[in-house]
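Asks: Starting from these lines, generate the structure:
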Amino acid sequence: MSAPYQPLVEFTRGGVVESVHYGALAMADTRGRLVASYGDPYVVTFMRSSAKPFQALPLVETGASEAFKLPPSELALVCASHRGLDMHAEAAASLQARIGASQDDLLCGTHEVGDPTTARRLASEGVTPLPNRHNCSGKHSGMLVLARHHGWPLADYVNPSHPVQQLILQTFAEMCSLPPADVVVGIDGCSAPNFAVPLVSAATAYARLADPTRLPHRRANSLRTLFYAMTAYPEMVCAPGAFDTELMRRRPGLLVAKGGAEGYQGLSLAANALRPGSPALGIALKVSDGAGRAVHVAVLEVLRQLGLLDDADFGALAEFGFGPRLPLRNYRQLVVGEARPVFTLDYSGGPVG
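Replies: Predicted coordinates:
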């Protein structure tokens, strides 16, 4: 029996392979059929922040977002792992103000601001980052809005037994075509529940985010709303210069990219994104050792093999340090090696278009 994770990306120095990152990925269509894979597409692993679009789904599906008139930019923030820019903190505050809450009600904690420029400015001003600067403040604010809409208590809203979390779990499981009991629930870095499922199940959910036509009307419309919000406001999903944001900007309206901690990445490819007549697809990728440095190399190689990105795209993304083959530089900016993908997708599940 082969190992679940296989060599994905290697880093060289002086022509010698210095380190190798292993991983696995699954690509599925909206029916949950495995289209392509590498490694074990059924390995169970936590999605971390890649689960956020589906944690946001009940907010839209129950009518809470409409009741409180949430604009698409704020819905994008609910799906985000943002970097604490002013626009992110302000959008989180706006979400809370709509229900008479504040960042004091958030249970995500605090951490150093992800955007270096903003972090330096706040430090120079003697300002300590507060919860609205936390990368998950949008998700948590959305959970508060959902609780308020249903008349549920705001207190302890991250408890797995809270009605908010029970509804999110049920909705997420349905998106993955799994019974809720088959979803492994753990606690994320932000204290909210998080989910571990097979890669192919997560890929199925991402395919349905891109094309929900086979789902019930209300859910389908809610997913279209979230897909639009994320693709129309990619800067709210992470930040200018960040991988997810810049990748979505390369194919406006055709691609959702949502990374998660510990080397996870989810992707939604809209119908016709690859070529006329190509189906919507979902991709879930995991770097086994959690190394974020290997994720974008692997993701871009997947999109290169699919034909979604070309040399012009890679040239533009290189400005941000992204590419399927990246030169490694030392502190004097001398090229000392490279990061390169070492895998080929297995299309045993069928063609992609």
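Asks: In this structure Met27 contacts Arg33, no?
Replies: No. Here Met27 lies out of contact with Arg33, judged by C-beta atoms under 8 Å, at a distance of 9.8 Å. Any C-beta I mention is one placed from the backbone N, CA and C, and that applies to glycine too.
Asks: What segments of the stretch 201-350 of the chain are helices?
Replies: 217-232, 234-237, 243-250, 292-306, 311-318 (DSSP state H, counting those that start in this stretch).
Asks: Check the stretch 1-150 of the chain too.
Replies: Under DSSP H, counting those that start in this stretch, the stretch 1-150 of the chain gives helices at 52-55, 57-61, 64-67, 72-78, 86-97, 116-124, 137-150.
Asks: Single out the most deeply packed of the ones you listed.
Replies: helix 52-55 (a mean of 28; mean count of other C-beta atoms under 10 Å).
Asks: Mind listing residues that contact that helix?
Replies: 78-81, 139, 142-143, 168, 171-172, 175, 192, 205, 209, 226, 230, 256, 258, 266 (C-beta atoms under 8 Å, 6 or more residues apart in numbering).
Asks: and the spatially most central residue of the chain, what are its bridge partners?
Replies: Nearest to the geometric centre of the chain sits Lys258, at 2.0 Å (C-alpha atoms, centre = their mean). Judged by DSSP bridges, the bridge partners of Lys258 are Gly266.
Asks: ok, Ile283 - contacts?
Replies: Ile283 neighbours (C-beta under 8 Å, 6+ apart): Leu25, Ala26, Met27, Ala203, Tyr206, Gln265, Gly266, Leu267, Leu269, Val302.
Asks: which one of the residues you listed sits closest to Asp188?
Replies: Gly266 (14.9 Å; C-beta to C-beta).
Asks: Next, count neighbours for that closest one.
Replies: If you count neighbours by other C-beta atoms under 10 Å, Gly266 ends up with 29.
Asks: That one reaches Ser49, doesn't it?
Replies: No. Gly266 lies out of contact with Ser49 (C-beta under 8 Å); the separation is 9.1 Å.
Asks: Overlap in contacts, those two.
Replies: Lys258, Gly259, Gly260.
Asks: any idea how far the last one is from Ala24?
Replies: Just to be clear, that refers to Gly260. 15 Å (C-beta to C-beta, to the nearest Å).
Asks: repeat for the second one
Replies: With distances taken as C-beta to C-beta, Gly259 is found 16 Å from Ala24.
Asks: Tell me if I am right that Val185 is in a strand.
Replies: Yes. Judged by DSSP: H, G, I helix; E, B strand; the rest coil, Val185 forms part of a strand.
Asks: For it, which non-adjacent residue is closest in space?
Replies: Excluding the flanking residues, the one nearest Val185 by C-beta to C-beta, 6 or more residues apart in numbering is Pro193, at 5.2 Å.
Asks: my guess is the one you found contacts Ile187, does it?
Replies: Yes. Using C-beta under 8 Å, Pro193 is in contact with Ile187, at 6.4 Å.
Asks: that older thread, let me know how buried the residue nearest to Val185 is, in neighbour terms.
Replies: Quick note: Pro193 (other C-beta under 10 Å) scores 22 neighbours.
Asks: where's it relative to Ala51, distance?
Replies: Taking C-beta to C-beta, one finds Pro193 at 9 Å from Ala51.
Asks: do the same with Leu269
Replies: On the measure of C-beta to C-beta, Leu269 and Ala51 end up 18 Å apart.
Asks: pretty sure His140 is touching Cys190, no?
Replies: Yes. With contact defined as C-beta under 8 Å, His140 counts as touching Cys190 (6.8 Å).
Asks: about what we covered before: of all the helices of the stretch 201-350 of the chain, which lies closest to Glu10?
Replies: helix 292-306 (9.0 Å).
Asks: Take that closest one, keep the C-alpha atoms, and write them as PDB.
Replies: Extracted C-alpha coordinates of helix 292-306, given in PDB (Å, rounded to 0.1, in the frame of the first residue of the first chain):
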ATOM      1  CA  GLY A 292       3.400  27.200   3.500                       C
ATOM      2  CA  ARG A 293       6.400  27.800   1.200                       C
ATOM      3  CA  ALA A 294       5.500  24.700  -0.800                       C
ATOM      4  CA  VAL A 295       1.800  25.500  -1.300                       C
ATOM      5  CA  HIS A 296       1.900  28.200  -4.000                       C
ATOM      6  CA  VAL A 297       4.500  26.200  -6.000                       C
ATOM      7  CA  ALA A 298       2.200  23.200  -6.000                       C
ATOM      8  CA  VAL A 299      -1.000  25.100  -6.600                       C
ATOM      9  CA  LEU A 300       0.400  27.000  -9.600                       C
ATOM     10  CA  GLU A 301       1.700  23.700 -11.000                       C
ATOM     11  CA  VAL A 302      -1.700  22.200 -10.800                       C
ATOM     12  CA  LEU A 303      -3.200  25.200 -12.600                       C
ATOM     13  CA  ARG A 304      -0.400  25.000 -15.200                       C
ATOM     14  CA  GLN A 305      -1.100  21.300 -15.900                       C
ATOM     15  CA  LEU A 306      -4.800  22.200 -16.200                       C
END
